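Participant: test case, fold it:
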Amino acid sequence: MNTKVLILLSLAAFAAADSFESYEYRPPHRSSEESYESGEAKYDFNWAVSDDSSSNEFGHQEARDGENTQGSYYVQLPDGRLQTVKYFVDGDSGYVAEVNYEGEASFESASFESREYRPRYVYDSNESK
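Facilitator: Next comes the predicted model:
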């Protein structure tokens, strides 16, 4: 009797295993309506900020067409100078930047409060006892 039950359970397990779907990887199926256009990257953007209360000015512009990217950004430094960075990226040549400064550095005209930073040593007489 045990043999009959074992054979019956084996056949049932075999039939059940055969009815399950295969879980193998399949690439997603797309209909012709769902296809998307692939191509080279192409964009152009530009933004700028000018805050009169802090005299802070900065901005960035960049354009890309395929592997060719070029742009620039600028920032008003606390010492009064304007730092401008012009750059380009052309395929395998990598990132190439040219940094320029306009104006003279002057810490008296800086738009931040001038602070002296000195190490502060505090002696605690109870610490060494």
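Participant: what segments of the chain are helices?
Facilitator: Using DSSP state H, the helices of the chain run over 2-19.
Participant: in it, which spans are strands?
Facilitator: Secondary structure of the chain, counting by DSSP state E: strands at 42-51, 56-65, 68-76, 82-90, 95-102.
Participant: and those as CSV, adding mean pLDDT and mean neighbour count?
Facilitator: For glycine as for every other residue, the C-beta is placed from the backbone atoms N, C-alpha and C. CSV is the format used below for the strands of the chain (pLDDT from 0 to 100; neighbours: other CB atoms under 10 Å):
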stretch, mean pLDDT, mean neighbour count
strand 42-51, 92, 10
strand 56-65, 91, 15
strand 68-76, 93, 17
strand 82-90, 92, 15
strand 95-102, 94, 11
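Participant: distance to Leu9 added to these, as JSON lines?
Facilitator: As requested, these are exported to JSON lines (distance: least, CB to CB, whole Å):
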{"stretch": "strand 42-51", "distance to Leu9": "64"}
{"stretch": "strand 56-65", "distance to Leu9": "65"}
{"stretch": "strand 68-76", "distance to Leu9": "66"}
{"stretch": "strand 82-90", "distance to Leu9": "66"}
{"stretch": "strand 95-102", "distance to Leu9": "67"}
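Participant: so for Leu8, which of those sits nearest?
Facilitator: strand 42-51 (66.9 Å; CB to CB).
Participant: check which helices and strands the closest one sits against.
Facilitator: Packed against strand 42-51 by the contact rule (3 or more CB pairs under 8 Å, 6 or more residues apart in numbering; DSSP states H and E) you find strand 56-65.
Participant: and the contacts of the strand it packs on?
Facilitator: 40-51, 69-76, 82, 111 (CB atoms under 8 Å, 6 or more residues apart in numbering).
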